[in-house]
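Enquirer: Predicted model follows, preceded by the sequence.
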Amino acid sequence: MDLRNHQITVRELLSNPGARSLLQREFPMFINSPMLQMAQNMTLQSVLYIAKGNIPQSKLQQVLKQLECL
C-alpha cells in the first residue's frame with residue numbers, strides 16, 4: 001500500500017479492507033473509539049505524532065511495514 005510518505009488520511013487507510021483489518025487487530029482501542037470519526041481527515045503523519053508517546057515506536061514501525069506490504 002502506498003502510504004504517500006505518511007500523507008495518506010485515516011479515511012483512506014480504513015477504506016482498504018486489509019489495512020482496516022490490520023489496524024483493528026493491532027489497535028482495537030483505536031478502531032472502537034468514538035474519536036475515530038474525528039480522525040478521519042487526519043494524515044497518518046499526524047496520527048503517528050500523537051501516538052508517539054502512547055505506543056512503543058517498535059510497534060508503530062512494525063505496523064507501518066505491514067501496511068506498506070498490503
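Expert: Good, I have the coordinates. Numbers count the residues shown, from 1 in each chain.

Enquirer: Contacts only, for residue 53.
Expert: By Cβ atoms under 8 Å, 6 or more residues apart in numbering, residue 53 lies in contact with nothing. C-beta: built from backbone N, CA, C; applies to glycine.

Enquirer: can you pull the pLDDT of it?
Expert: Per-residue confidence (pLDDT) for residue 53: 86.

Enquirer: Kindly provide the distance from it to residue 60.
Expert: 11 Å (Cβ to Cβ, to the nearest Å).

Enquirer: Next up, the contacts around the nearest residue to residue 43 once chain neighbours are set aside.
Expert: Nearest residue to residue 43 in three dimensions, chain neighbours excluded: residue 7, at 5.2 Å (Cβ to Cβ, 6 or more residues apart in numbering). Under the criterion of Cβ under 8 Å, 6+ apart, the neighbours of residue 7 are 43-45.

Enquirer: Distance-wise, check residue 7 relative to residue 31.
Expert: 21 Å.

Enquirer: May I have the lowest-mean-pLDDT helix or strand in the chain exported as CSV, CA atoms only?
Expert: Lowest mean confidence among the helices and strands of the chain (mean pLDDT, DSSP states H and E): helix 28-31, at a mean of 86. Extracted as CSV, the C-alpha positions of helix 28-31 are listed here (Å, rounded to 0.1, in the frame of the first residue of the first chain):
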residue,chain,number,x,y,z
PRO,A,28,-8.5,-2.4,18.8
MET,A,29,-8.8,0.6,21.2
PHE,A,30,-8.4,3.0,18.2
ILE,A,31,-10.9,1.3,15.9
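
Enquirer: Give the buried residues for that helix.
Expert: residue 30 (16 or more other Cβ atoms under 10 Å).

Enquirer: Perfect, I'm done here.
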